[in-house]
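>>> Quick one, what's the 3D model for this:
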Amino acid sequence: LFQIWIQPDTMGVKPGYTQQSFRREEKLNTLRLIVSKDGREDSQKIHQDADIYASILEPGKAVEFKLRPERGVWIQLADGQLDVNGTTLIAGDGLAVQDEALLKITANRETEFLLFDMP
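Okay, the predicted model is just below:
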């Protein structure tokens, strides 16, 4: 269970709380958008220019993520073990990435993680 706090992009915005469940199948071997500024793809809305993706990768499976210019990524592992462009992460690890065009994320065993895409 995660609790995530993100500063809003506008002062004076009333704090809010939402909760939504995503089935395992929606996150399996893909990056499932769960939070975004505009609520696209049935994600939760947030008052910030940030997209948050959830994923569960089976052993040996991989996903790719293209970074947009002037943005960075934070990957937070909940469980398992990942290889991200040659860097190995284990449960509880986090990784900040900037100045990369493409991330190749491969699971060494079943792995659950979040990916934050933000300026």
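>>> For this protein, just list every one of the strands.
Using DSSP state E, the strands of the chain run over 32-36, 44-45, 51-57, 62-66, 72-84, 87-90, 94-97, 102-118.
>>> out of those strands, deepest packed?
Highest mean neighbour count of those: strand 51-57, a mean of 23 (counted as mean count of other C-beta atoms under 10 Å). Every C-beta, even on glycine, is put in place using the N, C-alpha and C of the backbone.
>>> Which elements pack onto that one?
In terms of contacts (3 or more C-beta pairs under 8 Å, 6 or more residues apart in numbering; DSSP states H and E), strand 51-57 is packed against helix 24-27, strand 32-36, strand 62-66, strand 102-118.
>>> now the shortest one, how far from the chain's geometric center?
Here the centre of helix 24-27 is set off from its chain's centre by 14 Å, with C-alpha atoms, centre = their mean, to the nearest Å.
>>> Tell me which residues of that helix come out buried.
Across helix 24-27, burial judged by 16 or more other C-beta atoms under 10 Å covers residue 27.
>>> Now tabulate the strands of the chain in CSV and tack on mean pLDDT and distance to residue 7.
Shown next, in CSV, are these (pLDDT from 0 to 100; distance: least, C-beta to C-beta, whole Å):
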stretch, mean pLDDT, distance to residue 7
strand 32-36, 97, 14
strand 44-45, 94, 15
strand 51-57, 98, 14
strand 62-66, 98, 23
strand 72-84, 97, 14
strand 87-90, 98, 25
strand 94-97, 96, 17
strand 102-118, 97, 11
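>>> mind putting those strands in a markdown table, distance to residue 23 included?
Formatted as a markdown table, these follow (distance: least, C-beta to C-beta, whole Å):
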| stretch | distance to residue 23 |
| --- | --- |
| strand 32-36 | 9 |
| strand 44-45 | 15 |
| strand 51-57 | 10 |
| strand 62-66 | 18 |
| strand 72-84 | 16 |
| strand 87-90 | 25 |
| strand 94-97 | 25 |
| strand 102-118 | 13 |
